[in-house]
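what would the 3D arrangement of this be:
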Amino acid sequence: MLPSKTFRAVIVILGLLVSGSAGAQDDDAQRRAMEEQLRQLNEASREIDHVIREARESGNLLAELIALRDLEQSFEGKGPMAMQALKLRRMQGEVVLGNYAAAIELGDFGQGPLSSGGPASGEVLSGFEGAAALDAIAELAKDRKLVLINEAHHQPQHRVFTLQLLAALREAGFTHFAAETLYESDEGLMKRGYPTEATGAYIPEPVYGDLVRQAIALGFQVVPYEAAFGNGPKAREDGQAQNLIVRVFEKDPDARLIVHAGYAHIDESGTLAGVKTMAQVLKERTGIDPLTIDQTLMSEHSRPTLEHPLYRYIADEMGIEQATVFLREEEPWTAQPGRRDVTVFHPRSALESGRPTWLWMDGARKPFEVPAEAIGDAKRAILRARIQAEGEDAIPIDQVEIVKGQAFPALMLPEGEHVIEVVGSDDEVIWTKTIAIE
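The predicted structure is shown next:
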């Protein structure tokens, strides 16, 4: 789950959005309503942090998540902003424990139907042909110096795509990989070769952990670039860009850089919270035109009515089975011209062995199942796998919540030896086994 300081930063951002809306209004009633939303938000965040602290005293992430689930009923009467804060905090825990569908549903909380916002048929793609996104983007990036690719923080499918893209871009000559999540304080990351919970805010989610692990293994110089929260949106966007300049391009003018960021930080036009984005500041200060790749717009939601109309058409009518982009000769199609260069369409998740098929990573991982008795007397537990050659502090290569009496989802593991554990909410190991995947 996200550390408290990161959660508080997200709450601050929500607060800025609310207060910003209020500031644009002259009406006293509207201002009072916005102030009430801020009160709900602050009060809820304090209560959530208190519940989390109590759960941590006797347990682990699963204990925290159970406590947050139990809190939802009492939050029903506290107002929409309070519930939004709780759903956001729960979302982070669900995704770390492999409950991806639940995380998407929580991320969609409060969203209305998206019946407009784009074409509902493929006419806009006339003259373009679908292509495998991994191959197409590797080709588009081959002569570039800077690639910016985004993610929705609760959809590890986007992290899988970036992970799979790394090998092709490394072969094409890219040298540096920067991720928004990384803490500058983890100075031993490159030498150690694997991430720990001290590596970054989103790193406890196993796919993100492996994204960083694979970048190191491929020979990338891995770079933290996050700027401190608390000084406002402009300081953050400017700080991110400046960190990339100082830590990459000033040290190595010939560097070729991949940046994995969240949402709109990669936007080449428009504003984020009223200020220029990291991508715009970076482009202005370096003169480098980035290749910007969006994964967030054309991805599945918990209900089709919340999805972009064109996505519904492509996913349902065309039935794409892999990440797809559309090309006209060598020109990529984008849903947001001038803002992002390429739009990736991700297929809907399909389950095998209780896990989405994108976790197979085109055969790089294989399923491993544990017996029903592995959960012992626990009602719920964490099933996780750690690469045997790494330390006990390593982020698991995969983990998932399991429930007694229900079929256990499989672990998705790469080749090699792994330590498998079933851990209760009290953080006690219930069952363990060392296995080899061939």
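
only C-alpha atoms for contact and neighbour calcs from this point on.
OK.

give the contact list for Ile203.
By C-alpha atoms under 8 Å, 6 or more residues apart in numbering, Ile203 lies in contact with 181-182, 195-197, 209, 395.

residue contacts, the residue positioned nearest the centre of the chain?
By C-alpha atoms, centre = their mean, the mean C-alpha position of the chain lies nearest to His153, the distance being 2.6 Å. The neighbourhood of His153, defined by C-alpha under 8 Å, 6+ apart, consists of 202, 262.

quickly find the element holding it.
Per DSSP states H and E, His153 falls between elements, in no helix or strand.

give me the distance between it and Met91.
As judged by C-alpha to C-alpha, to the nearest Å, His153 and Met91 stand 10 Å apart.

would you map the helices across the stretch 51-200 of the chain?
Using DSSP state H, counting those that start in this stretch, the helices of the stretch 51-200 of the chain run over residues 61-75, 80-96, 100-107, 133-141, 156-171, 189-192.

with respect to burial, which of these scores highest?
Comparing these on average neighbours per residue, with mean count of other C-alpha atoms under 10 Å, the densest one is helix 80-96 at a mean of 23.

would you mind writing the CA trace of it as CSV?
Output of helix 80-96 as CSV, limited to C-alpha atoms (Å, rounded to 0.1, in the frame of the first residue of the first chain):
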residue,chain,number,x,y,z
PRO,A,80,-18.7,11.9,-1.2
MET,A,81,-15.2,13.3,-0.7
ALA,A,82,-14.6,11.2,2.4
MET,A,83,-15.7,8.1,0.5
GLN,A,84,-13.4,9.1,-2.4
ALA,A,85,-10.5,9.3,0.0
LEU,A,86,-11.3,5.8,1.4
LYS,A,87,-11.8,4.3,-2.0
LEU,A,88,-8.4,5.7,-3.2
ARG,A,89,-6.6,4.3,-0.2
ARG,A,90,-8.2,0.9,-0.7
MET,A,91,-7.4,0.9,-4.4
GLN,A,92,-3.7,1.1,-3.7
GLY,A,93,-3.9,-1.9,-1.4
GLU,A,94,-6.0,-4.0,-3.7
VAL,A,95,-3.7,-3.5,-6.7
VAL,A,96,-0.6,-4.5,-4.6
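
which residues sit against that helix?
For helix 80-96, contacts defined as C-alpha under 8 Å, 6+ apart pick out 1-2, 7, 11, 37-38, 40-41, 43-45, 48, 61, 65, 68-69, 72, 75-76, 100, 102-104, 106-107, 109-110, 154-156, 204-206, 399-400.

Leu413 contacts Ile387, correct?
No. Shown here, Leu413 and Ile387 do not form a contact pair, counting by C-alpha atoms under 8 Å, at 9.2 Å.

between the two, which contacts overlap?
Counting by C-alpha under 8 Å, 6+ apart, the residues touching both Leu413 and Ile387 are Ile397.

can you list contacts of stretch 192-201?
For stretch 192-201, the surrounding residues in contact (C-alpha under 8 Å, 6+ apart) are 2-3, 6, 181-183, 185-186, 189, 203-204, 209, 212-213, 216-217, 390, 393-395.

could you redo the last one with a cut-off of 6 Å?
If you take C-alpha atoms under 6 Å, 6 or more residues apart in numbering as the criterion, stretch 192-201 is touched by 2, 181-183, 186, 204, 209, 213, 393-395.
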